[in-house]
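J.: Sequence and predicted structure, then a few things I'm wondering about:
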Amino acid sequence: VVVLGRCMRDHLIEAYGLPPESIEVITNWHDCSALKSRPNETRFRTKHNITGMMVLYSGNMGTSQSIDDLLEAAKLIKDTHPDISFVLAGSGNSYDRYKNRIEKENITNARIMEPVAFEDYPDLLAAADVQVIPMAAGLEGLAVPSKFYPSLASGRPILAIASPFSEVGRVIIET
């Protein structure tokens, strides 16, 4: 049995009684050569007129992510820290809900946009001062966000909204 993380291995052992020797952990990966650490003054920042600190979420916008937590943080600091921008770049079944929430609640320091082209992805990651990996509660052992690996490869700090028992939580605690 092949799993993407230790949290998944542990879940299978605990929930289904699989013998540990029958489970192989093969973590996801990313081509680090495509994401060499770059300065954050990028074409993306220029194109979108982003100055100051940029907090980035990029990827799927669905039920497995806790993007609402990120938007709550943006709301809390929008008046006291107008130099911090929250950028959500991606798509998914919750995209319209987040877009409507940003507009309805006047979260002026957050913007949402469609995914960038593949060739622009390294530039997007480099534009960030911090990247957010939000995992909905209860997903530890069931999911490992693939966005975690390019985020690590980009050399930017990562803020995780995740259980310490998830693979993301474990890696951050260990390092």
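T.: That came through, no problem.

J.: Mind checking which residue lies nearest the centre of the chain?
T.: In the chain, the centroid-proximal residue (Cα atoms, centre = their mean) is Ile133; its distance is 2.9 Å.

J.: Give me the mean pLDDT for whichever strand or helix holds it.
T.: If you go by DSSP states H and E, Ile133 is part of strand 130-134. What strand 130-134 shows for mean pLDDT is 94.

J.: which residues touch that strand?
T.: 53-58, 65-67, 69-70, 125, 145, 147-148, 151, 154, 156-162, 168 (Cβ atoms under 8 Å, 6 or more residues apart in numbering). For every residue, glycine as well, the C-beta is placed using N, CA and C.

J.: Could you give the average pLDDT over whatever helix or strand comes next after that strand?
T.: Counting by DSSP H and E, the element after strand 130-134 in chain order, helix or strand, is helix 148-153. Averaged over helix 148-153, pLDDT sits at 86.

J.: quick one, strands of the chain?
T.: Taking DSSP state E, the strands of the chain run over residues 2-3, 24-25, 53-60, 84-91, 110-113, 130-134, 158-161.

J.: want to throw these into CSV with distance to Glu174?
T.: Formatted as CSV, these follow (distance: least, Cβ to Cβ, whole Å):
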stretch, distance to Glu174
strand 2-3, 18
strand 24-25, 14
strand 53-60, 23
strand 84-91, 27
strand 110-113, 31
strand 130-134, 15
strand 158-161, 12
